[in-house]
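J.: need the 3D shape of this:
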Amino acid sequence: MKTDSQLKAEVTTELAWDAAINPVGIGVMVKNGVVTLSGHLDTFAEKHAVERAVRRVAGVRGIALELDVKLSAEHKRSDSEIAQVASSALRWSSLVPDERIKVEVENGWVTLTGEVDWSYQLTSAENSIRPLLGVRGLTNQVTIKPHVSSKNIGADITAALTRQAIRESQHIGIGVDGDVVTLKGKVHSLAERDAAIGAAFMARGVSRVVDKLEISA
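T.: Alright, predicted model coming up:
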């Protein structure tokens, strides 16, 4: 098991290695395997890149993002400009049913609402918005329309966990309440937890995943 100092060194190196990140001004603290990042970033896309980078580091048990997006003058856009560009970005994506998603912007913060059929459409909508200039944050309130019975959802997720060779798949408990799935049990890493949550979200009819998984030391 890695020490906190080892994790801090590896996280710092990973941030510096990623070309999408300017690590200057990003503070890194690690306690009991939980990484806390603080500082200011130029874009919302960079904030997302920072989170992805930390998740790649083996041994990380949790992440706390205390990062603020402070836009430079050249990156600032009015809320109406952001709303127009965001709507166009959704419309130009072949993976997003843009006619079913509403965009609202307040002080650079984008909120998406509506209903889609699949989790990949929800994720694709987020990915279309993150890199846009002027965006300071994103709240995705889009829901997923249920398609199948609770019994089928649980069986589909169990099969996916096994198929994707998630080591602790047999020890992950799956609870289903309508279109909400709850995962319980222990996994070995943050990456393994992300994989389990991702597999649950891929099941048709799932609109929300409640994560109660624990990362074992």
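
J.: and the lowest-mean-pLDDT helix or strand in the chain, what does it pack against?
T.: The helix or strand of the chain with the poorest confidence is helix 150-163; it has a mean of 83 (mean pLDDT, DSSP states H and E). Where contact means 3 or more Cβ pairs under 8 Å, 6 or more residues apart in numbering; DSSP states H and E, helix 150-163 is packed against strand 173-177, strand 180-187, helix 190-202. From N, CA and C alone the C-beta is placed, and that goes for glycine too.

J.: now it: buried residues?
T.: Ser150, Ile153, Gly154, Asp156, Ile157, Thr158, Ala160, Leu161 (16 or more other Cβ atoms under 10 Å).

J.: with stretch 135-142 instead?
T.: Val135, Arg136, Leu138, Asn140, Val142.

J.: nearest to Glu214, of these?
T.: Asn140 (25.7 Å; Cβ to Cβ).

J.: not counting its neighbours along the chain, what's nearest that closest one?
T.: Once flanking residues are discounted, Asn140 sits nearest to Leu112: 5.0 Å by Cβ to Cβ, 6 or more residues apart in numbering.

J.: tell me, how many residues neighbour the one you found?
T.: Applying other Cβ atoms under 10 Å, we find 21 residues neighbouring Leu112.

J.: contacts only, for Ala125.
T.: Leu90, Ser93, Val96, Ile101, Leu112, Val116, Asn140, Val142 (Cβ atoms under 8 Å, 6 or more residues apart in numbering).
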